[in-house]
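>>> Pasting the sequence and the predicted model now:
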Amino acid sequence: MQTQIIPLLRVQRCLLGSIQYGLHDHRAWEMGQHVLQEAKRLSPRAVILDFTAIPLIDSFLSRVLLDMAKALHLIGTRLLMCGLPDAVIISMVELGIVVPPGTAVRDVDAALDMVDAG
C-alpha cells in the first residue's frame with residue numbers, strides 16, 4: 001500500500017493540504033492526480049495547498065500546480081496556494097510562471113476568508 005502524497009483535510013467546504021517536503025517530478029504528478037480525484041469526489045469550493053514548510057518549488061512542480069488550477073476550475077473548484085516563501089515567488093517570476101489572479105494568498109486564514117467571501 002502506497003502512502004498518500006499529501007493528506008487532504010476537509011475544513012469548512014474546502015480541502016486543505018500541506019506540502020511538507022519537496023516533490024520530485026513523478027510524486028508531483030501523483031499529487032496533482034490525487035488532489036483532482038479528491039476534488040471530483042468531494043466537490044469542495046476550494047483546494048488550499050500550504051507551502052510554508054518547503055523552501056523551493058521547481059519548474060515541473062510549478063507547471064503541475066498551474067495545470068491543477070486549470071483542471072480544478074473546470075470542475076468548479078478553486079485552487080488557492082498559500083505560504084509561498086519569498087524564494088519560491090522570486091523563482092516563479094524568474095521562470096515566467098504566471099498564476100491566475102487570486103490563486104496565491106498569504107496564509108491559510110486568508111485563503112479561508114477568500115473562500116467565505118465567494
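Here it is on my side, so go on.
>>> so how many other residues sit close to residue 19?
21 (other C-beta atoms under 10 Å). (C-beta placed from N, C-alpha, C; glycine too.)
>>> which residues of the protein score low on pLDDT?
1-4 (pLDDT under 70).
>>> middle-most residue in it, spatially?
The chain has residue 49 as the residue nearest its centroid, 3.7 Å off, counting by C-alpha atoms, centre = their mean.
>>> Show me what stretch 12-28 is in contact with.
Residues from elsewhere that reach stretch 12-28, judged by C-beta atoms under 8 Å, 6 or more residues apart in numbering: 5-10, 31, 35, 38-39, 42, 44-54, 56, 58, 60-61, 64, 108, 111-112, 115-116.
>>> What of stretch 31-43?
With C-beta under 8 Å, 6+ apart, stretch 31-43 has contacts from 4-6, 8, 10, 15, 17, 19, 23, 47, 49, 64-65, 67-68, 71-72, 75-77.
>>> filter these to the buried ones?
Buried members of these, scored by 16 or more other C-beta atoms under 10 Å, are 5-6, 8, 15, 17, 19, 23, 47, 49, 64-65, 68, 71-72, 77.
>>> now, the most widely separated pair of those residues?
Using C-beta to C-beta, the pair of the buried ones among the contacts of stretch 31-43 lying farthest apart is 23 and 77, separated by 20.6 Å.
>>> Alpha carbons of whatever helix or strand residue 116 lives in, as PDB, please.
Using DSSP states H and E, residue 116 sits within helix 108-117. What follows is helix 108-117, C-alpha atoms only, in PDB (Å, rounded to 0.1, in the frame of the first residue of the first chain):
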ATOM      1  CA  VAL A 108      -4.400  29.600   5.400                       C
ATOM      2  CA  ASP A 109      -6.600  32.100   7.200                       C
ATOM      3  CA  ALA A 110      -6.500  34.500   4.200                       C
ATOM      4  CA  ALA A 111      -7.400  31.500   1.900                       C
ATOM      5  CA  LEU A 112     -10.400  30.600   4.100                       C
ATOM      6  CA  ASP A 113     -11.500  34.200   4.100                       C
ATOM      7  CA  MET A 114     -11.400  34.300   0.300                       C
ATOM      8  CA  VAL A 115     -13.500  31.100   0.100                       C
ATOM      9  CA  ASP A 116     -16.000  32.600   2.600                       C
ATOM     10  CA  ALA A 117     -16.200  35.800   0.500                       C
END
